[in-house]
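Asker: Quick one, what's the 3D model for this:
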Amino acid sequence: MRYQIYWQPQTKLHELQGAQVDFQAVDAVYYHNDFLPSGQVIATWTDKRNYFFDKALADLPHLRPGQSYRSQLDVDQGDSMRAYLSFSFFDKENQLVDQCYQNTDSFALTVPSHYDHYRIELLSAGRGSFTFHQLTLTEENEGFLLAGDQQLTENLGAYLDRTYQRSTRTLTVIFAEPRLKQLDYPRTFVPDQQQAVLYCSTDLVHCRAYQTDALQTYISQVKKEVKAKALRFVGYGFLSAATALYYQELFEGATVCLPAPDLLAMPASYEHLPGDLQTHFKQQAALLAAADWPQVQIIKDHSLAANPSPVGLTHPNQALLRHLPAPEQPNSLQKRKRARPGQKQRLRDFFKK
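Answerer: The predicted structure follows:
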């Protein structure tokens, strides 16, 4: 699992006198200060906050005690000002247990075996400016997000689950719904699929990484490797569902398995994203609108069907995957062609505009 920490407007800031802070994008914050002495704290993130007291939620994920992590700091350092990090771990009495500093791009961090909460501070060295992009924390393992997975691009990973008893000839490809602060594979929610399952994952800021030649090539490679005769693409949120439809068009005879259309509304906060991401979201909405829904296999959430709730969730509904049906035996290629007449041409016409 990889955690991503961004400098956001709600992040606690210090030493603002004489400072210029420009939130250029989700992953680009420009900071300038000609009067700040070295060693001063600029911003703070913590995993422990009382909402009723602080009127804010925790900024950081809980780290596993005793686990080793790789901290990657992505900052465009200035000529006369550099940014570095401080990691402070505390016990239940708020007494300092351990502290370490990161003044390089990459840093190996071991979490104390006994700690209650921790804090990350962004500090200055010199005066001038820098641009903060993101901080990532990844558990140390022999893969990208977990042991045995593949890193296809800088922000795109894929994991092939081989723990199956093959009784079908369909490879299921599940796209994790991109999230802002966390990147992982939704493996724990998926029931036995009776065939290999390929999980793909990227994050919200880099969600366009899903539609790359590298992933298309890897899916073809895995299909041959597991000797599958057909492909089924699965999405359970707005972006993952659109991605499933995108790859259905690239692979002849592939099927898709998605939630009902009314569960795939565009996120309300998308207009706060950079312009290029807003354009991408609109393109994905067009993919969903052009889908031949009578031919889509719907994931039915039986636990909610009998008691619908008007409460909207702020995170992707991974629990839907618990009701993901096992793939059917692939039909003949000719039958699959007849099942979606005209759908490809409609999408080609749309993207030519």
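Asker: Residue 203 - nearest residue in space that isn't next to it in sequence?
Answerer: Nearest residue to residue 203, sequence neighbours excluded (CB to CB, 6 or more residues apart in numbering): residue 183, at 4.8 Å. All C-beta spots, glycine's among them, are computed from the backbone N, C-alpha and C.
Asker: And residue 327, by the same measure?
Answerer: Excluding the flanking residues, the one nearest residue 327 by CB to CB, 6+ apart is residue 170, at 3.7 Å.
Asker: neighbours around the one you found, how many?
Answerer: Neighbour count of residue 170, defined by other CB atoms under 10 Å: 22.
Asker: again with the one 4 residues further on
Answerer: When neighbours are counted by other CB under 10 Å, residue 174 registers 27.
Asker: tell me the contacts of it?
Answerer: By CB atoms under 8 Å, 6 or more residues apart in numbering, residue 174 lies in contact with 186, 190, 197, 198, 199, 200, 234, 235, 321.
Asker: if I read this right, the fifth one contacts residue 161, doesn't it?
Answerer: So that's residue 199. Yes. The pair residue 199 / residue 161 is scored as a contact, 6.8 Å apart, by CB atoms under 8 Å.
Asker: what sits in contact with each of these two?
Answerer: residue 187.
Asker: what about the closest residue to residue 211 other than its chain neighbours, which SS state?
Answerer: Spatial nearest neighbour of residue 211, chain neighbours left out: residue 246 (5.8 Å); criterion: CB to CB, 6+ apart. The local conformation at residue 246, judged by DSSP: H, G, I helix; E, B strand; the rest coil, is helix.
Asker: Check residue 319 too.
Answerer: Put simply, residue 319 is helix when judged by three-state DSSP.
Asker: quick one on the thing from earlier: for the residue nearest to residue 203, what are its contacts?
Answerer: 1, 2, 3, 4, 145, 155, 157, 176, 201, 202, 203.
Asker: ok, 7 Å please
Answerer: If you count contacts by CB atoms under 7 Å, 6 or more residues apart in numbering, residue 183 has them with 2, 4, 145, 201, 202, 203.
Asker: What separation do you get for the fifth one and residue 104?
Answerer: Counting by CB to CB, to the nearest Å, the separation of residue 202 from residue 104 is 26 Å.
Asker: Kindly report the same for the fourth one.
Answerer: Distance check for residue 201 against residue 104: by CB to CB, it reads 27 Å.
Asker: Run through this protein and note the low-pLDDT ranges.
Answerer: Along the chain, the parts satisfying pLDDT under 70 run over 49-57, 164-166, 268, 302-316, 330-353.
Asker: and the lengthiest helix in it, what does it pack onto?
Answerer: Identified as the longest helix of the chain according to DSSP state H is helix 275-289. Here helix 275-289 touches helix 238-250, going by 3 or more CB pairs under 7 Å, 6 or more residues apart in numbering; DSSP states H and E.
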